[in-house]
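predicted model and sequence follow; I will ask about them next.
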Amino acid sequence: MSQVKHVVLVLSGKGGVGKSTITTELALALRHSGKKVSGHSLCGLALCFPPCLRQSQRLTTLCGPQVGVLDVDLCGPSIPRMLSVGRPDVHQCDSGWVPVYTDAQKTLALMSIGFLLDDPDDAVVWRGPKKTALIGQFVSDVAWGELDVLLVDTPPGTSDEHLAVLENLKKHRVDGAILVTTPQAVSTGDVRREITFCKRTGVRILGIVENMSGFVCPHCSECSNIFSKGGGEELAKLTGSEFLGCVPLDPLLSASIEEGKDFTQSFPDSATFSAISSILHTLLKSLETD
Amino acid sequence: MADVPENAPEHCPGTTSEQAGKSSSCEGCPNQKLCASGATKAPDPAIAEIGEKLSSVKHKILVLSGKGGVGKSTFSAHLAHALASDGTKEVALLDVDICGPSIPRIMGLEGEQVHQSGSGWSPVYVEDNLAVMSIGFLLSSPDDAVIWRGPKKNGMIKQFLRDVDWGELDYLIVDTPPGTSDEHLSVVQYLSSTHVDGAVIITTPQEVSLQDVRKEIRFCQKVKLPIIGVVENMSGFVCPKCKNTSQIFPPTSGGAEKMCADLNLPLLGKVPLDPRIARSCDEGKSFLSEVPDSPAAEAYQRIVQSIQEYCSNRATEEQSTT
């Protein structure tokens, strides 16, 4: 963990708002941005990398930023499918568990309970203490190596997993948390409680993302606000947090997530992708002002 | 599945397991003798108390899903509304989502408080025949976070089942958080001395959701909880302008239909996405009475009907066997 420069938690009081989707897309976009840097054109994103990141890119020119994703949703791990890594075995090395890499260049490392189950349909029927113990192992025993950013995807709520992750990570560092919500009051209501959780546990709120914000009909271009509109931004104002941006409902994004395809590569011209990269941009800037 | 205390030594087999007090990790644990004596394996006396308390409840239905945000609370609320639309039936809705209680808002009861009476906590009533209980009623502000680990959540659930003055009920609907952890185990355990009709499983069409829901089904099989059926929510969206259907959450692996066929479970129905559902929930109104003639409301009604039939069949089956 000592070689991990930034740790960002992805939280939400509410389930199914897109924590894992946002985690996945941010990780992919981050890697994507680095590739451009190490290639030819310096894209806008690279300029806002914190200086330490830029230095590390010079060192690892070939692979750009090293990104890690830790999935601590033990009862419903979604990340392995979203990054299409299947269920490889996790190996041990001298320095601990070797994370699973999504690419040959080893730029995106991954750890999830999904890799430890014999049967993908097996239910992890565990109470808190057992979950806490595994998360402790995930934090201390995974050999992440050098990482620029570690994104931690969490289950909904403010309970065992969240406390365990914080307790264990705080020994190293936690830069802050991104809160994901959908626009409805039913969701922002739960996220308000998550904000209190962050305040009470001393976690800096890096910003709020409003996901599933509006759906543009592919047939007639009419925008329907299926889950209402603007709730995330209102919540940010109400609580004095930064608003990172809106991600629309996009069937292409849900399809990419379903099939584990890299949305940031397949649809770089879409409005959804520009929303994601703008969120990443703001996020990196606030990591810099730490 | 055994009970492992929070401060237990590593590899504690659990206080209720066969190995309690006997395994190598129990060496040196201050409670080793207690565990080895078998006292901890005795069932929690609360289970019997709850059994007695809820003996006047005819039907108990759990609403489950491995995945969050698929519409468990929305479904639970509408199931409660629909069942209570028959004025002769007494219905109660219990929200055991301790960290993210949504039921108070969906039922239009935000800011309500629970009152204490001689016979326990009084639930909050939406109608004369529709009672609601949620941790949301015990919090002083909408910002209050419930930062609790498992054992404390379990204690709360125990209180909800044992200490709430539910009265005579035809239906008790229990809305749960996502997952297969403390809350779920506790509800099933505390209800083990009563008869639970079964669980309704909610999912959305994508594989990302179904893969978690399969785990939940496995959970039900492990704890021997009958499954009434599966509801596919957010199934397609009809554009209000051009009436074309879009699969916002695409059923890439065949959706709930294929999963139900594979696992031999009844599919109770599919509910389409409708912006008016989210709006009704935010405003705390019943979508079924707001827009009764919409396809989504009709789908809800059909599903509720199948659940009613299931419950009454089960009741007659039981009478004939006893």
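Noted; the coordinates are in hand. Numbering: from 1, shown residues only, chains lettered A, B, ... in the order given.

tell me what whichever strand or helix holds A:L206 is packed against?
Under the criterion of DSSP states H and E, A:L206 resides in strand A:205-210. Judged by 3 or more C-beta pairs under 8 Å, 6 or more residues apart in numbering or on different chains; DSSP states H and E, strand A:205-210 is in contact with strand A:176-181, helix A:185-201, helix A:231-239, strand A:243-246, helix A:271-288. The way it works is simple: take the backbone N, C-alpha and C, and place the C-beta from them, glycine included.

and the ones you listed, which is most packed in?
A comparison of these by mean neighbour count, using mean count of other C-beta atoms under 10 Å in any protein chain shown, puts strand A:176-181 on top with a mean of 27.

that one and chain B in contact?
No: shown here: strand A:176-181 not in contact with chain B (C-beta under 8 Å from any C-beta of the partner chain), separated by at least 10.3 Å.

in its sheet, what does that strand sit against?
When sheet partners are counted by DSSP bridges, strand A:176-181 sits next to strand A:4-11 (parallel), strand A:205-210 (parallel).

which single residue in the stretch 1-150 of chain B comes nearest to chain A?
Going by C-beta to the nearest C-beta, chain A is nearest to B:G68 of the stretch 1-150 of chain B, at 1.2 Å.

ignoring the adjacent residues along the chain, who's closest to that residue?
A:G15 (1.2 Å; C-beta to C-beta, 6 or more residues apart in numbering or on different chains).

how far away is the one you found from B:T204?
Distance, A:G15 to B:T204, using C-beta to C-beta, to the nearest Å: 11 Å.

need the overlap of contacts for the two.
B:67, B:70 (C-beta atoms under 8 Å, 6 or more residues apart in numbering or on different chains).

picking that back up, verify the stated contact: the residue nearest to B:G68 with B:G69.
Yes: the criterion here is C-beta atoms under 8 Å, and A:G15 meets it with B:G69 at 4.4 Å.

any common contacting residues for the two?
Common contact partners of A:G15 and B:G69 (C-beta under 8 Å, 6+ apart): A:156, B:178.

count the neighbours of the closest residue to B:E290 other than its chain neighbours for me.
Closest residue in space to B:E290, ignoring its immediate chain neighbours: B:S280 at 5.2 Å, by C-beta to C-beta, 6+ apart. Residues lying near B:S280 (other C-beta atoms under 10 Å in any protein chain shown) number 23.

where does the stretch 151-290 of chain A have low pLDDT?
Within the stretch 151-290 of chain A, the stretches with pLDDT under 70 are A:290.

correction: the previous question concerned the stretch 1-150 of chain B.
B:1-3.

and the helices in it, which stretches?
B:32-36, B:45-53, B:72-84, B:103-106, B:150-163 (DSSP state H, counting those that start in this stretch).

and the ones you listed: which comes nearest A:D103?
A:D103 sits nearest to helix B:72-84 of all the helices of the stretch 1-150 of chain B, at 36.3 Å, using C-beta to C-beta.

quick check: angle from the closest one to helix A:185-201?
Helix B:72-84 runs at 130 degrees relative to helix A:185-201, counting by axes from the mean of the first three to the mean of the last three C-alpha atoms, to 10 degrees.

any idea how far helix B:72-84 is from the chain center?
Helix B:72-84 sits 11 Å away from the centroid of its parent chain (C-alpha atoms, centre = their mean, to the nearest Å).

repeat that for stretch B:68-85.
Counting by C-alpha atoms, centre = their mean, stretch B:68-85 comes out at 10 Å from the chain centroid.

as a markdown table, the helices of the stretch 1-150 of chain B with mean neighbour count and distance to chain A would be great.
Formatted as a markdown table, the helices of the stretch 1-150 of chain B follow (neighbours: other C-beta atoms under 10 Å in any protein chain shown; distance: least, C-beta to the nearest C-beta, whole Å):
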| stretch | mean neighbour count | distance to chain A |
| --- | --- | --- |
| helix B:32-36 | 16 | 15 |
| helix B:45-53 | 16 | 17 |
| helix B:72-84 | 26 | 7 |
| helix B:103-106 | 27 | 6 |
| helix B:150-163 | 20 | 3 |
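
between those helices, which one is closest to A:G260.
That would be, of the helices of the stretch 1-150 of chain B and by C-beta to C-beta, helix B:72-84, which comes in at 26.0 Å.

B:Q305 and chain A, how far apart?
26 Å (C-beta to the nearest C-beta, to the nearest Å).

which helix or strand contains that residue?
Assigned by DSSP H and E, B:Q305 falls in helix B:295-321.

can you pull the phi and psi angles for B:V231?
With angles defined as degrees, to the nearest 10, B:V231 sits at phi -110, psi 130.

my bad, should have said A:V142
phi -90, psi 130.

report the contact partners of it.
A:70, A:96-97, A:99, A:111.

now swap in A:V98 and tell me
Contacts of A:V98 (C-beta under 8 Å, 6+ apart): A:90-92, A:143.

7 Å instead, please
Neighbour list for A:V98: A:90-91, A:143 [criterion: C-beta atoms under 7 Å, 6 or more residues apart in numbering or on different chains].

most neighbours among those, please name it.
That'd be A:A143 among the contacts of A:V98, by other C-beta under 10 Å, with 17 neighbours.

quick one: that residue and A:D94 touch, right?
No: applying C-beta atoms under 7 Å, one finds A:A143 not in contact with A:D94, separated by 8.3 Å.

A helix includes A:P80, no?
Yes: counting by DSSP: H, G, I helix; E, B strand; the rest coil, A:P80 is located in a helix.

counting neighbours, what do you get for it?
A:P80: 24 neighbours (other C-beta under 10 Å).

for it, give its distance to A:T196.
Distance, A:P80 to A:T196, by C-beta to C-beta: 31 Å.

go on, B:S141?
Applying C-beta to C-beta to B:S141 and A:T196 gives a distance of 9 Å.

mind listing what the nearest residue to B:L273 once chain neighbours are set aside touches?
Sequence neighbours aside, B:F237 is the residue nearest to B:L273 in space, at 4.1 Å (criterion: C-beta to C-beta, 6+ apart). Counting by C-beta under 7 Å, 6+ apart, B:F237 touches A:215, A:226, B:245-246, B:248, B:272-273.

then B:L94?
B:133, B:160, B:172, B:174.

put the buried members of these into a ChimeraX selection.
Buried members of the contacts of B:L94 can be picked out in ChimeraX with the line below, counting by 16 or more other C-beta atoms under 10 Å in any protein chain shown:
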select /B:133,160,172,174
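
quick one: average pLDDT of the helix or strand where B:E183 lies?
Remark: B:E183 resides in helix B:182-190, with elements defined by DSSP H and E. Averaged across helix B:182-190, pLDDT comes to 96.

just the angle for the helix ranked longest in chain A relative to helix A:271-288, thanks.
Across chain A, the longest stretch assigned as helix under DSSP state H is helix A:19-38. Helix A:19-38 and helix A:271-288 are oriented at 80 degrees to each other (the same axes, to 10 degrees).
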